[in-house]
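Visitor: got a sequence here, can you build the structure:
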Amino acid sequence: MLKEDSSSHIHSVALFACRGAGGGGVERGAVAAVQVIRLLQQLRLICAANLIPPHTHTHTQRSPSVIDPRLWAKGGTDYYYQYTECDSTGSRWRVAIPLSPSSCSDLPPPARGTDCSFSCPAGMFLEMGTQQCTPCAAGSYSLGSGLRFDQWDAVPAGFTSLASFLDPGSSWTPQGVYLESNRDECTVSLVYAVHLEKKGSVSFTYQYPDNNIFFEFYVQNEQCQEMAQTDDQKWIRVTNTGEWDTHTVNLKSGTNILYWRTTGILVGGKMVKPVLLKNIQIEGVAYTSECFLCRPGWFSPAPGSSSCQPCPTNTFSSKGASSCTNCPEHQYAHEGWGECKRRPPCSEKDYFQIHTACDGEGKTQVLYRWVEPKICVENVTGAVQLPTAVQREPCPPCNPGYYNSNSNDCLPCPPGTYSDGTYVCTECPAGTEPVLGYEYKWWNVLPSNMKTSCFNVGNSKCDDMSGWAVAGDHIRSAAGSSDNDYLILSLHVPGFKVPASLSGMTGSEFGWITFVFETICSGDCELYFMMVCSTTVVESWEGSKEKQSYSHSMSRNASVTFTWAFQRTNHALDVRRYVSDMVKLYSISVTNALDGVASACRACALVPQNSQRAGSSCVPCPAGFYIDTGTNRCQECPPNTHLAGHHTYGQDACVACGMGSISNKEHSRCYSDCSFSHTENNRTLTFDLSPLSDVASLIIGPSFTSKGTKYLHLFNISLCGHEGRRAAVCTDNVTDVSSKDDQSDSAQLVNSVDSFVCQSTIIPADGRGFRMAISSQSISLADAFVGATVDSVLDWVDAKPDLFPAKTKDLPDINFFYRYDMRNWDGPTASCDHGRSSVITVRCNPEKSDRGELSVPSSCPAGTCDGCTFHFLWESASGCPRCAEDDYHPIEVNSPCAPLQETLYVWNEPKVCTKGVSLPPRSSSPCEAIALWLKVGVGGGAFVAVLLIALTCYFWKKNKRLEYKYSRLVMSANKECELPAADSCALAEGEEPDDDVVYTKKKPSLLGKLRAIAHKVGLLAT
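Guide: Residues are numbered from 1 along each chain as shown. Okay, the predicted model is just below:
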């Protein structure tokens, strides 16, 4: 409890405030009185509890608006000054706050304070006792109306690191000269709250090299409402490896809560590269009531400084120093160190070798130099000595395209000439043109279009050091100043020019860069290959790598700088541990360089003989034409061939398209038109796959990382593309994540790839604090079509049909084969001997729709079992062959009562065809009354009847003759009363009777005649 006189003092202060309101009236004075009463009521509690008010907003280690009271107990006084909050008119009061309960009386009365918008210039602070701007003393600094945080030996007071997902142990980590974000997949926010009396801004210097981390900066007000920001303000732009960038955002007056939030996407098992922060500066603080001491290792030599300077090498300083002190003998210190360390004995890691330039005698020599700055000592036990120089040896030859001058310098060959580097330049023969480019394989001196430098993440002085050193047959990384230096080598190419002999190749390829390298590392070294014209790393390699080649195609004709950056470790270390780790570049080759030199000549096409310009000058061939070796004239490539490789000389430059593919009109590429035919058992099956031509998507998952992050694999697949052009697109939507309702057309896409098959990693929005799903790590799996066939193997790519369930139809599967880079497919990657490839198996399934369904092998849920070949099964009705006449048969339908006969046509069962020909219409014909068997029976009976009639006629005629002979015989016997001899009464064979036969008037019947004949035969027999 306060004493009674203290309580009365409060009321007197309130009265003083009301009377001191001046011309503002009673209302203005009442506002000020209320503020003073509130502050003194807080004072009552402080005195009662003997507590110091907690810090809510700090400046480095103190707040610009709530000052550490112990720093303002001046002249032995027991109080300090503090301003009240500003009222609506911009006024405030200065009041005294006691340091202990025993000094709650005899405090100075409140006094009118400075205007709320008042601020001191940089290098000065507001002295609260006099309320005047005072210069900072030597060894300290001030920003005037701003805050600066550039000391990161510890997280400054007022900053909070909040892990909002999965692992509360993740945090931002201080690293001396910068602050480092977490390296895992957690979401961690760095938070700082500041109260601005006027509009201001916040700016910070950062390094953001890895787009597998989402890095955002946003501002909230005191009600935790996010202030309006554009995507460019909220989502931080990715930086090139080793480079720092600055981001600035305007702030409103009042309370601003600043958030730096990172979220790692750790799916492939590879650690992400952290975000680095340094030099956070806030403007808009109305006043600075104290100066800030320089941190250890830094100093400010004169009063009124706005910043501190680092101590030079081999010097040190304590906190608040105005000068630096030299280190004692046998101790050393790097720039900006606050203490010195003992110098270690020299070892093999403390020196490196260099090659001298060629002298006048054409000799070079290997020399050894100490790593600078030299920190080791040689004259102690166990120390090694610097090796002596080796004997001079002949210089390596000039690089191709250069010649050796009399001064032993290598000079470029004049235009129109060439050289292999060992002989003088020679003019190209008629009908040829020089092959321009760069081919560096001898490293005696650094070529004029190449530069080397050193860059340190901590911004130490390695800029003047050489990052790479020539070594005869290779160029290697130099020692640098520390193990986390970026050692940079750059090659500038002003542009590209496609030669006349290659102008017939219409692809978007203007040139190639190829280099052979090797990394030798004992730690976590990494080599980056970048292009200045792009914001992302083209390729990177971690750890030791055997000698290998890498190629990259240039699809844009523009000036470009290729950069190699080597870092031994990305951890800041005070001691050199990996100085012997290195990278070696053996050769660098760039084709079609605009200002390149020629190492050889290439045949070119000549002007046609019937042209008015006929001669030996080179002319470009039209698209899709090659140069005939016999006539050196342009000839069109045969059908279904394409120009491949890097030459157009000879018909062998026209490479036949793969199975199941055709070439476009320009012969620049082969593609599938989504049709396929296959002949089997003397039957041709035709497939129409056009319903599968549109891009299809397949989502696999979910899967989970070691810390429980759920993610999905998204595949976009374009089976046929658009006449060979890749149609499947995968995109990283870093800026789209911030969209509240719908995606903005102005959203900048960090990374986008087009391919036949591409893959993205999807992080669902649930549980990560994002408003929509995150798409990241987009890569191409297939950017070149190889061919389509029913065989399971094509060009070393195996479809592995046993990965999928056996087919139930007696029809072949169609395998579409793709490669990631077909022109370099035979070059091994880090883990794939034949490069990355994909196989899409199209299978007939009449029960599916025309679009069908995509799936991956159940044994390889990520689509690949080895990380090199991806397998997909596409079952659909479109995978069935087109129907033909062999796929149906007729059926005849008869009815006993119907006058017509019908013929129906039905499909063969089971039906496994689609579209194609249709069933013939139903046909009918009149029915016949007599059946076939009856027709045969009637015909046979008629034949037998005719035969019987013919026999009857024959025997009847024979009978007539016998009857005539018998009649003659009877007649002659009646005349002579005796029968004549048998041999005299018969007619001779063929004898005609002399007299006609006389019959009775009554004709005998047929039966009677037969009986008569039989009777006569009997008589003759007797």
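Visitor: for stretch 212-224, buried residues please.
Guide: For stretch 212-224, a neighbour-count test (16 or more other CB atoms under 10 Å) marks 212, 213, 214, 215, 216, 217, 218, 219, 220 as buried. All C-beta atoms are positioned from the backbone trio N, CA, C, and that covers glycine.
Visitor: output those in a markdown table; the columns should cover pLDDT.
Guide: Formatted as a markdown table, the buried residues of stretch 212-224 follow (pLDDT from 0 to 100):
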| residue | pLDDT |
| --- | --- |
| 212 | 74 |
| 213 | 80 |
| 214 | 80 |
| 215 | 86 |
| 216 | 86 |
| 217 | 91 |
| 218 | 90 |
| 219 | 92 |
| 220 | 90 |
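Visitor: among those, which are in strands?
Guide: Those of those mapping onto strands are 213, 214, 215, 216, 217, 218, 219, 220, per DSSP state E.
Visitor: tell me which stretches of the chain form helices.
Guide: Using DSSP state H, the helices of the chain run over residues 4-19, 25-49, 231-234, 932-976, 982-985, 1006-1021.
Visitor: pick out the shakiest of these, pLDDT-wise.
Guide: For these, the weakest mean pLDDT is recorded on helix 4-19, namely a mean of 33.
Visitor: picking up where we left off before, farthest-separated two in the buried residues of stretch 212-224?
Guide: 212 and 220 (26.3 Å; CB to CB).
Visitor: so who does residue 121 touch?
Guide: Contacts for residue 121 were tallied using CB atoms under 8 Å, 6 or more residues apart in numbering; they are 133, 144.
Visitor: how close does it get to residue 197?
Guide: Distance from residue 121 to residue 197, counting by CB to CB, to the nearest Å: 16 Å.
Visitor: contacts only, for residue 344.
Guide: 375, 376, 377.
Visitor: a markdown table for those residues, including distance to residue 428, pLDDT and neighbour count?
Guide: A markdown table is the format used below for the contacts of residue 344 (distance: CB to CB, whole Å; pLDDT from 0 to 100; neighbours: other CB atoms under 10 Å):
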| residue | distance to residue 428 | pLDDT | neighbour count |
| --- | --- | --- | --- |
| 375 | 55 | 85 | 21 |
| 376 | 55 | 89 | 19 |
| 377 | 60 | 90 | 16 |
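Visitor: keep only those of the residues you listed that are in strands.
Guide: Per DSSP E, the contacts of residue 344 never map to strands.
Visitor: now do the same for residue 901: its pLDDT.
Guide: Reported pLDDT for residue 901: 71.
Visitor: so what pairs up with it in the strands?
Guide: Residues in a beta bridge with residue 901, per DSSP bridges, are residue 925.
Visitor: and it, how many neighbours?
Guide: Neighbouring residues of residue 901 were enumerated by other CB atoms under 10 Å; the total is 15.
Visitor: next one: residue 727
Guide: Neighbours of residue 727 (other CB under 10 Å): 19.
Visitor: repeat for residue 251
Guide: Residue 251: 19 surrounding residues under other CB under 10 Å.
Visitor: from here on, call the first residue 39.
Guide: Taking 39 as the first residue, the last one we looked at is residue 289.
Visitor: my guess is it contacts residue 322, does it?
Guide: Yes. Counting by CB atoms under 8 Å, residue 289 does reach residue 322; the two are 6.0 Å apart.
Visitor: tell me, what's touching the two both at once?
Guide: 234, 237, 238, 239.
Visitor: check contacts around residue 580.
Guide: Contacts of residue 580 by CB under 8 Å, 6+ apart are 562, 563, 564.
Visitor: quick one: pLDDT of the second one?
Guide: What the model reports for residue 563 is a pLDDT of 91.
Visitor: how close does it get to residue 625?
Guide: Distance, residue 563 to residue 625, using CB to CB: 21 Å.
Visitor: those two - which one has more neighbours?
Guide: Set side by side, residue 563 and residue 625 show more neighbours around residue 563, with 24 against 18, by other CB under 10 Å.
Visitor: contacting residues for residue 366?
Guide: Applying CB under 8 Å, 6+ apart to residue 366 gives the contacts residue 378.
Visitor: would you quantify the distance from it to residue 380?
Guide: 9 Å.
Visitor: likewise for residue 223?
Guide: Note on residue 223: its distance to residue 380, by CB to CB, is 41 Å.
Visitor: and what of residue 666?
Guide: Noted for residue 666: a distance of 77 Å to residue 380, by CB to CB.
Visitor: so if I had to pick from the two, which one is more boxed in?
Guide: The neighbour count for residue 666 versus residue 380, taken as other CB under 10 Å, is higher for residue 666 (15 against 11).
Visitor: roughly how far does the more buried one sit from residue 434?
Guide: On the measure of CB to CB, residue 666 and residue 434 end up 40 Å apart.
Visitor: does residue 928 really touch residue 941, like I thought?
Guide: Yes. With contact defined as CB under 8 Å, residue 928 reaches residue 941; the gap is 5.3 Å.
Visitor: for the residue positioned nearest the centre of the chain, which non-adjacent residue is closest in space?
Guide: Centroid-nearest residue in the chain: residue 817, 2.4 Å away (criterion: CA atoms, centre = their mean). Spatially, and ignoring its direct neighbours in sequence, residue 817 is nearest to residue 797 (5.6 Å; CB to CB, 6 or more residues apart in numbering).
Visitor: surely the one you found touches residue 751?
Guide: Yes. Residue 797 is within contact range of residue 751, at 6.2 Å (criterion: CB under 8 Å).
Visitor: ok, the two, which is more surrounded?
Guide: Between residue 797 and residue 751, counting by other CB under 10 Å, residue 797 is the more crowded of the two (25 against 20).
Visitor: hey, what's in contact with both of residue 797 and residue 751?
Guide: residue 901.
Visitor: give me the distance between residue 513 and residue 625.
Guide: Counting by CB to CB - residue 513 and residue 625 are separated by 10 Å.
Visitor: now the strands for the stretch 239-388 of the chain?
Guide: When assigned using DSSP state E, counting those that start in this stretch, the strands of the stretch 239-388 of the chain occupy the ranges 251-258, 283-289, 292-302, 314-321, 330-331, 336-337, 347-348, 353-354, 363-364, 369-370, 379-380.
Visitor: of those, which is nearest residue 894?
Guide: Checking the strands of the stretch 239-388 of the chain against residue 894 by CB to CB gives strand 292-302 as the closest, at 26.5 Å.
Visitor: can you mark which positions in the closest one are buried?
Guide: Neighbour-count burial for strand 292-302 [16+ other CB under 10 Å]: 294, 295, 296, 297, 298, 299, 300, 301, 302.
Visitor: try stretch 451-464
Guide: 451, 455, 456, 457, 458, 459, 463.
Visitor: farthest-separated two in those?
Guide: 455 and 459 (12.9 Å).
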